[in-house]
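Undergrad: Got a predicted model here, sequence first, then my questions.
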Amino acid sequence: MASPLLLGIDTGGTYTDAVLFREEGGVLAKAKALTTRHDLAEGISGAVDSVLAKAAVKPSEIALVSLSTTLATNALVEGQGGRAALVMIGFGPEDLARGGLSDALSGDPVIFLKGGHDVHGTETPLDLAPLEQAMPALAGSVSSIAVAGYFATRNPGHEIRVRDRIRALSALPVTCSHELSSKLGGPRRALTTLLNARLVSILDRLIGSCERFLSDRRISAPLMVVRGDGALISASEARLRPIETILSGPAASLVGARYLTGLEAAVVSDIGGTTTDVAVLEGGRPRLAQEGAVVGGYQTMVEAVALRTYGLGGDSEVHIDDRGLAARLTLGPRRLLPLSLLGASEPDLVLAALEKQLRSSHAGRHDGRFAVRTGLPESAAQALLPQEQAVFEKLGRHPVALNEVLTISAQRAALDRLVSRGLVHIGGITPSDALHVLGRQGQWNEMAARLGLELAARRKDGAGRPIAGSAEELAQKIVDRLTRQSAEAVLAACLAEDGVEGIDPATSLAVDRALRGASGISRFSVALDRPLIGLGASASVYYPAIAAVLGAASVIPQDADVANAVGAVVGQVRAAVTVTVTSPEDGRFVVAGAGENVMLAGEERALDAARERALTKAAERARLEGADEVVTSLSEEIDAPQVEGSRKFIEARIIATATGRPRIVQASG
């Protein structure tokens, strides 16, 4: 009897991928469709309907659906997300300077409340008055609220009271810090909670789109989502904790890379439209970040793969610095709509605008660039500033040449803010366009790409010369630049994993000589100690050259283009619960975490209670998150040093982990 039929979906910044998979047969069929940001269900249906047709199976045969996504990662890298308010309990304004919290807020509102707890969970009285005063204004100006309390991991009571009061006063979604992390470090926990609040609407749209599609096709299988550590979580839980899905796509790609190649040790680099993600496989498992995931420059408390994410992909913005004697190209971190893609969807409009710009005797400041609304609902455009509203009203669902949109310089900042809110896309030349011109990609409109590169090539450098003699010459320069920046990114990630500090591959002269293979009396070289697995739709185009620069063997598996979707269906549910034991006075111990705090007499009694609670709660959480049969394990960290010849109990951390394969439905055939 055949094993259950599993459907894996990966929604990336450019493409949505789908695979049908059976354990004994591997990938049965795969398909891609463009990610449709205005309505994600369109991209999902395009990919899934295609893969069902290829495999000639009925939707009712699917027993499990698993989803990975780079949308949360991309939102943080590109500075996007909803406007969120942060409620801090027991903290002061000076705490905003810690952990990058002030930068992350970017002007979003903060409310400080008196309250919080100490290390043993003892409270300072909570004052809700400032919250009551602020809520009427917040209800119409933010999309969600984050709540972080002082030592909330030891006693979440104040966070829960604040959350319940916010829910009584508004319909806004609320995230509490104790729900996301059991670790100490209030400001960084507050940062993680703030980012989670920003991402709620983004992930809610994705999961809602997927659920609507599954309902339309009468697919009744459970829906799982890949977390940042590669484990699976039920869609309902992912909606509450979207921050856990940052690095979901990259984590799924690592799980997929291990499955597709069988390699125990490798460097894995996955290039998408927006980002390049680099991580290390060791002993057949991805390394996990000890201090939490770093994304978009933010150090979070989210347990995730030890992965470096760089704003570099096939759709990266091409920057041309023509101020020096020789023009210099750099790529990213922002994603643009490739001109070849715009030209495929709106050929008459885009080609006419580009040809008109080429015929002009004077180069326009924004030649080769377009702006178009992303198609988000009107509700997403609330509370725009007058300048932003004026620019937004010039745009519609068809692309408009940027020269027509930006008539005064002040409008540029307004447009950038619209882009950061996810309301507007910018179109322009990208590495994907360069590949179209070079004949190495052909899925979109090659003429639009060529016209865009011709416009860019006629720009003059500081010596008055065109920056390139032809579209092909500029295209090759762009591809060479992507190869070089990719090599720098891979090398930077590997040096960081080795604990090497002080070497930045992007600025080091020695690394520059090594990567260029510069000759001289002294020669520098660099090499990886393991293969480089290249993943992504364009992996076969880019990674052989990148691996050669790095002195590594290039491995590109057969299904490298859908590794994320493969990883989504071969993963497991994994839930970890931490319970702490502290001793406020001799002979008395406080058990905290995963439930109400209790005071017990005797160390062993307290430790046994903590173990039982941790194991029970971990198993409950794993089942809540979609696991079927659960296996639990326990680890302990007891800090009890010898002080003047006698043992002094400080703290114990009891960590229970429950794992299991996700629940499946019996196919109806």
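TA: Yep, that arrived. Numbers count the residues shown, from 1 in each chain.
Undergrad: So for stretch 76-88, first residue to last residue, what's the gap.
TA: One end of stretch 76-88 to the other measures 22 Å (CA to CA, to the nearest Å).
Undergrad: Going forward, count from 17.
TA: That works, and once the first residue is 17, the last one we named lands at stretch 92-104.
Undergrad: How far away from the center of its chain is it?
TA: 14 Å (CA atoms, centre = their mean, to the nearest Å).
Undergrad: Just the buried residues of that stretch, please?
TA: Within stretch 92-104, the residues that qualify as buried are 92-104, counting by 16 or more other CB atoms under 10 Å. For every residue, glycine as well, the C-beta is placed using N, CA and C.
Undergrad: What average pLDDT does it get?
TA: Here stretch 92-104 scores 81 as its mean pLDDT.
Undergrad: And stretch 299-319, by the same measure?
TA: Across stretch 299-319, pLDDT averages out at 79.
Undergrad: Could you report the distance from the most centrally placed residue in the chain to residue 316?
TA: Central residue of the chain (CA atoms, centre = their mean): residue 89, 1.4 Å from the mean position. To residue 316, residue 89 is 11 Å away according to CB to CB, to the nearest Å.
Undergrad: Which ones among the buried residues of stretch 92-104 map onto strands?
TA: 100-104 (DSSP state E).
Undergrad: one step back: name the residues contacting each of residue 89 and residue 316.
TA: Common contact partners of residue 89 and residue 316 (CB atoms under 8 Å, 6 or more residues apart in numbering): residue 262.
Undergrad: returning to that earlier point: same list, the ones in strands among the buried residues of stretch 92-104, but as TSV with distance to residue 558 please.
TA: Formatted as TSV, those follow (distance: CB to CB, whole Å):
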residue	distance to residue 558
100	36
101	42
102	40
103	45
104	44
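Undergrad: domains for the chain, by residue range?
TA: Each domain of the chain is listed here as a residue range: 100-215, 332-494, 589-676, per automatic domain parsing.
Undergrad: Can you get me the start-to-end distance on the second one?
TA: So the one you mean is domain 332-494. End to end - CA to CA - domain 332-494 spans 11 Å.
Undergrad: same check, this time on the shortest one
TA: Domain 589-676 has an end-to-end distance of 5 Å (criterion: CA to CA).
Undergrad: low-confidence ranges in the stretch 517-666 of the chain?
TA: The stretch 517-666 of the chain contains no residues with pLDDT under 70.
Undergrad: which residue ranges form the helices in it?
TA: 525-532, 555-565, 579-586, 619-640 (DSSP state H, counting those that start in this stretch).
Undergrad: before we move on, the earlier item: what's the closest of the domains of the chain to residue 19?
TA: The closest of those to residue 19 is domain 589-676. By CB to CB, the value is 14.5 Å.
Undergrad: Let me know which of the helices of the stretch 517-666 of the chain is the nearest to residue 57.
TA: Closest among the helices of the stretch 517-666 of the chain, using CB to CB: helix 579-586, at 16.9 Å.
Undergrad: looking just at contacts, which helices and strands does that closest one meet?
TA: With contacts defined as 3 or more CB pairs under 8 Å, 6 or more residues apart in numbering; DSSP states H and E, the packing partners of helix 579-586 are strand 21-27, strand 31-38, strand 78-85, strand 239-242, helix 264-277.
Undergrad: And the next helix or strand past the shortest one?
TA: When you say that, I think you mean strand 239-242. With elements assigned by DSSP states H and E, the helix or strand that comes after strand 239-242 is strand 248-250.
Undergrad: Now do that following strand: which elements does it pack against?
TA: strand 239-242, strand 589-601.
Undergrad: what comes into contact with that strand?
TA: 82, 238-243, 257, 260, 584, 587-590, 640-642, 678.
Undergrad: what about 6 Å?
TA: 240-241, 243, 587, 589, 641-642, 678 (CB atoms under 6 Å, 6 or more residues apart in numbering).
Undergrad: Weed out the non-buried ones from those residues.
TA: Applying 16+ other CB under 10 Å to the contacts of strand 248-250, the neighbour count classes 240-241, 243, 587, 589, 641-642, 678 as buried.
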